[in-house]
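Q: Provided below for reference: sequence and predicted model.
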Amino acid sequence: MHTATYLQRFFDGTPDDVAGCLRCRGRQDYGEELRMAFQPIIDAQRRDIFAYEALVRGTDGRSAGQVIAGVAPEQLYGFDQTCRVLAIDTAQRLGLRARLSINFLPNAVYEPATCIRLTLAAAHKVGFDPQRLVFEMTEAEKIHNPQHALSIVRDYQQRGFLTAIDDFGAGYSGLNLLAEFQPHLVKLDMALVRDIDRNHARQAIVGGVLGTCRALGVQVIAEGVESRAEYDWLRDAGVTLFQGYLVARPAVEALPEPDWAALA
């Protein structure tokens, strides 16, 4: 099923203010089908699953970055909406009971209150509790209008959704973005995590980020954790939320179980 046909399922029967959105009805056919992979984010202190992050994939196994690179600018809004709906639909079909973390593209959201409607309609249609949604704003995407991006996050927070800055430390805004608003979560970019157990510069930088986040009441997720040594250093530094190959690899249309033995 092409994405145009797939997304139309969630327009049908929705209120007119959703179904009549001309931007949503723009070109949706990206020349391929999309699928969702899921990767757990674990709470090491509670020994529990905090959330699953939804990661778009091409049917040929292409990564999220490769898929997004093939999306034309005029398709960006429809692509963002399609990924949200596909993540919710697939997660519900798989029986997800933890939180669902969805990446969103700030530049693709033209009006927060309007653009969230299809997301909520999709959740309602499949019976997924929208209060279990986490929205990750990727810092690696250059934000054309920072104030607009902030209005999106604030709108989501007012609706009771958890919010996160993804790829923190690898993007365009850095601490300036964190100074403007305080999300519930910050995800350390994997470039800062890699070999942190033996890299003094990364230790100093991450230590500063952890101190800042503690002062602001923001939780930190270490993503891209691949070795036990990286995990141990970050755990000793006070990090409790982890995501990465050490815990579990992403799985297409499946909810992989964390490898708790690797953390014992």
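A: Okay, I see it.

Q: Regarding the closest residue to Ala262 other than its chain neighbours, what is its secondary structure?
A: Spatial nearest neighbour of Ala262, excluding adjacent residues (C-beta to C-beta, 6 or more residues apart in numbering): Leu246 at 5.6 Å. The way it works is simple: take the backbone N, C-alpha and C, and place the C-beta from them, glycine included. Secondary structure, DSSP: H, G, I helix; E, B strand; the rest coil: Leu246 is coil.

Q: residues in contact with Leu246?
A: Val225, Glu226, Ser227, Arg228, Glu230, Tyr231, Asp259, Ala262, Leu263 (C-beta atoms under 8 Å, 6 or more residues apart in numbering).

Q: Okay, and which of those residues map to helices?
A: The helices, defined by DSSP state H, take in Arg228, Glu230, Tyr231 from the contacts of Leu246.

Q: In JSON lines, list the residues you listed along with neighbour count, distance to Ala254 and pLDDT.
A: Listed next are the ones in helices among the contacts of Leu246 as JSON lines, based on neighbours: other C-beta atoms under 10 Å; distance: C-beta to C-beta, whole Å; pLDDT from 0 to 100:
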{"residue": "Arg228", "neighbour count": "13", "distance to Ala254": "25", "pLDDT": "98"}
{"residue": "Glu230", "neighbour count": "24", "distance to Ala254": "25", "pLDDT": "98"}
{"residue": "Tyr231", "neighbour count": "23", "distance to Ala254": "23", "pLDDT": "98"}
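
Q: Out of these, which comes closest to Gln131?
A: Tyr231 (29.9 Å; C-beta to C-beta).

Q: That closest one: what's it in contact with?
A: Counting by C-beta under 8 Å, 6+ apart, Tyr231 has contacts Ala44, Ala222, Val225, Phe242, Leu246, Leu263.
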